[in-house]
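In: can you look at this prediction? I've put the sequence above it.
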Amino acid sequence: MPGPTFLRGDRIDLCPIEEADLPFVQRTINDPAVRATLRSSEPKNMRQEEAWLESLDDQEGETLLVVDADGDPVGTVGFGDVDGTWGTAEVGYSVAREHWGNGYATEAVALVTRYGVEERRLEKLVATVYAHNPASMRVLEKCGWREEAVLEREAFVDGRRVDCHRYAAFADDWAPGDDRARAALAADDDGAED
Amino acid sequence: MPGPVFLRGDRVTLRTFEEADLGFLAPAYEDPTVRQRMGSHGPYVERHERNWLESLDEDTVGLVLCPQEGSAEPTGVGLLTLYDIDEREGRAEMGAVFLPDVRGEGYATEGCSLLLDYAFGERRLHRVRATTLAVNDPARATLTRLGFELEGRTREATLVAGERVDELRYGLLASEWDQSETDD
C-alpha cells in the first residue's frame, strides 16, 4: 500500500515507498528484462530490499513509487548522486514490464524533473541510458531533456561493452514537448486547487 | 517460498533466497554418503544457514532453483551459489546443492548454465572455479558437460566414509564459455 501522494500526475502519482511496497519493488528490480535497462546486476532478496529502503533516509536524493489510477505500484523514479554545490543529480526510473508502453515513465520523469529544479534548487539533471534502450531515450526527449554526450563503451551488458547516452535537463532550459509529460505537469498544477 | 525471478531458463528459474527458504535444503544433507561427497562433515544447522543468508552481498550470490511448473507456486529444489566474487581478479567460485529426489533431472546443468551466463555476461568475470571430490561422480559429470577443465587434484584431501579421497579443482574461462555457447 503506497504512502500518500507526494507529486500528482495525470494517470500516475508519485508516492513515498513503504515497507508494504517492497514485494513489488523487489519483483521489478530482479526481473531480467527490467534489470537489462538498469544499472543493477545483483540479486536482491527481501532482507536486502529492507536495508535499501532504510538507506534511502540517509541519502540526499529522493526515490518515489510510481502509482497508477487504481492505486497500484507500476514503477519507481527518483534522483541520487546529488552535488549541492554544483546543483547536479542523476535521475533514474524503472517501470514493471507489464506496465511498459503506457507513458508512465514519461509522466514520472516530467514530475521529478520539475520537482528537482523548482523545489530542490538543482540546476542540471543528468540521466544515463544504454544505447540499446531507445525507448528510454524517447522518455527523456518527451520530457524536454536532450542528449549531451555518448559515453563510448561505458558499460558491460550481456557479455559486451556497450555505449551509454548521457542526457541532461537544465533548470532554465527544459520544456516538455509531449502531451503525456505536459498532462502530468498540468495535473499537479490543478492539484493545488483541489 | 523463494522470492522473485532473477534468472529465467527454459525449464527452471533462479530466484532470490528468502527467510522462508531457510531449512529447505536440510534433506540434501540427510544421506551421510551424499553429504560427505559434498565435503560437508558437520550436522546441518539452520542457524548457520541464517548467518549465510545475512552475509549475502555483492560478493556472494545465492539463488534458489525452481522447476517451471505452469502457474503453480515456485518450489525450490536446489541452491546455486557464486561466491568469493573478486572483481579485481575477475573470478569467483560456483557451488550447487540439490534435494535428493531431483538428482538426475538435468536441473544442475541448466541452472549452472544460467549462473555462468550471469557470471560472464553480466558480472564480467574472467574465470569461474568449482571444487568437488573425486568420489562425486554426478558433480564431475555436470562440470565436464558445462565445459569445465580439470585444473588440479589435491591428493587425499579429506575423509569420506573413513577413506581418504582426492579433491578436484575445476575451472572455466569466459572465452571457453562463449565458445561452448556458439557450439550449441
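Out: Looks like it arrived, so ask away.
In: and the helices in chain B, which stretches?
Out: B:32-37, B:46-55, B:107-117, B:137-146, B:174-183 (DSSP state H).
In: make JSON lines from these and add mean pLDDT and mean neighbour count to it.
Out: (Glycine included, C-beta is placed from N, CA and C.) Formatted as JSON lines, these follow (pLDDT from 0 to 100; neighbours: other C-beta atoms under 10 Å in any protein chain shown):
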{"stretch": "helix B:32-37", "mean pLDDT": "80", "mean neighbour count": "16"}
{"stretch": "helix B:46-55", "mean pLDDT": "87", "mean neighbour count": "12"}
{"stretch": "helix B:107-117", "mean pLDDT": "97", "mean neighbour count": "21"}
{"stretch": "helix B:137-146", "mean pLDDT": "95", "mean neighbour count": "17"}
{"stretch": "helix B:174-183", "mean pLDDT": "74", "mean neighbour count": "13"}
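In: so who does residue 99 touch?
Out: Just so you know, I chose chain A. Residues counted as contacts of A:H99 (C-beta atoms under 8 Å, 6 or more residues apart in numbering or on different chains) are A:D68, A:V74, A:G75.
In: try again with chain B
Out: B:F24, B:L25, B:P27, B:A28, B:V77, B:G78.
In: the residues you listed: which two are farthest apart?
Out: Pairwise distances among the contacts of B:L99 were taken by C-beta to C-beta; the largest, 11.3 Å, belongs to B:P27 and B:G78.
In: nearest to chain A among the contacts of B:L99?
Out: Ranked by distance to chain A (C-beta to the nearest C-beta), these are led by B:F24 at 14.1 Å.
In: what's the pLDDT at that closest one?
Out: With respect to pLDDT, B:F24 scores 92.
In: quick one: low-confidence ranges for chain A?
Out: Within chain A, the ranges that satisfy pLDDT under 70 run A:1, A:190-194.
In: name the residues of chain B found near chain A, please.
Out: Contact residues, chain B versus chain A (C-beta under 8 Å from any C-beta of the partner chain): B:3-8, B:15-19, B:53-54, B:56, B:58, B:61-63, B:120-124, B:178.
In: swap in 6 Å and give it another go.
Out: Taking C-beta under 6 Å from any C-beta of the partner chain, the part of chain B that reaches chain A is made up of B:G3, B:P4, B:F6, B:R8, B:T16, B:F17, B:E18, B:E58, B:V61, B:G121, B:E122, B:R124.
In: out of those residues, what pair is the most spread apart?
Out: Top of the distance list for those (C-beta to C-beta): B:E18 and B:R124, 27.0 Å.
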